[in-house]
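[1] can't give you the sequence, but here's the structure:
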């Protein structure tokens, strides 16, 4: 067994354990920290595949931005998980199982199609995740999904601003810091 295979198996096992921790953890903060670990191990796997740009993007965007945002929201609204009724838990369990089956079928299809052998097009596109290759792929083959994601993020930003805006007079009666000085 080579060292690279042993390293891959070790990092893969940590990544799978962290993913399992995200799903099974009852504490939202612990789940977010498991997610951070999973993102970090995925970045290590990207580096082993010679995709340094994707590894840096993984760390900066997901581990650095998304997980911090998730932790901020958990701290802002509280992490109480006992607010769900039995009917809501049963509904979410059913949806979770259905989405898990869909994910399993998708991954199985992907693995089986890869086992048939790579196509010439996929071999030509495999350039190690360099910024040039990612940019060319994003702005040629995936322009419409890229623009739709940008639109979705804009709508989410506007929604967050609307939800975060306080109604007129909502701050009345709350003592400010300057008033206490």
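    Done, it's in. Everything numeric here is computed off the predicted structure, so don't read it as measured data.
[2] show me the residue at the heart of this structure, geometrically.
    In the chain, the centroid-proximal residue (C-alpha atoms, centre = their mean) is residue 62; its distance is 6.2 Å.
[3] pretty sure that one contacts residue 39?
    Yes: counting by C-beta atoms under 8 Å, residue 62 touches residue 39, with 4.6 Å between them. For glycine as for every other residue, the C-beta is placed from the backbone atoms N, C-alpha and C.
[4] please name the residues that touch residue 5.
    By C-beta atoms under 8 Å, 6 or more residues apart in numbering, no residues touch residue 5.
[5] stretch 37-56: which residues count as buried?
    When neighbours are counted by 16 or more other C-beta atoms under 10 Å, the buried residues of stretch 37-56 are found to be 37-47, 51, 53-55.
[6] find the pair from these with maximum spatial separation.
    For the buried residues of stretch 37-56, the farthest-apart pair by C-beta to C-beta is 37 and 53; their separation is 21.6 Å.
[7] quickly list the domain ranges of the protein.
    Using automatic domain parsing, the domains assigned to the chain come out as 1-79, 93-122, 127-166.
[8] deepest-packed of the ones you listed, please.
    Among those, domain 1-79 has the highest mean neighbour count (mean count of other C-beta atoms under 10 Å), at a mean of 15.
[9] biggest helix in this protein by residues?
    When the chain is parsed with DSSP state H, its longest helix is helix 86-115.
[10] avg pLDDT for that helix?
    For helix 86-115, mean pLDDT is 83.
[11] mean pLDDT per helix and strand in this protein: which one sits at the bottom?
    Using mean pLDDT, DSSP states H and E, the weakest-scoring helix or strand in the chain turns out to be helix 120-125, at a mean of 60.
[12] chain center to whichever helix or strand comes after that one, what's the gap?
    Proceeding N to C from helix 120-125, the next assigned helix or strand is helix 131-140, under DSSP states H and E. Centre-to-centre, helix 131-140 and its host chain are 21 Å apart (C-alpha atoms, centre = their mean, to the nearest Å).
[13] start at 284 instead
    Sure, I'll start counting at 284 from here, so that last one is helix 414-423.
[14] surely residue 328 meets residue 297?
    No: counting by C-beta under 8 Å, residue 328 stays clear of residue 297, with 10.2 Å between them.
[15] give me the common contacts of these two.
    Joint contacts of residue 328 and residue 297 (C-beta under 8 Å, 6+ apart) do not exist.
[16] what's the pLDDT at residue 348?
    Reported pLDDT for residue 348: 85.
[17] where does the chain dip in pLDDT?
    Scanning the chain for pLDDT under 70 picks out the ranges 362-371, 400-412, 449-464.
[18] name the residues that touch the helix or strand containing residue 443?
    According to DSSP H and E, residue 443 maps onto helix 426-447. Applying C-beta under 8 Å, 6+ apart, the set of residues contacting helix 426-447 from outside is 421-422.
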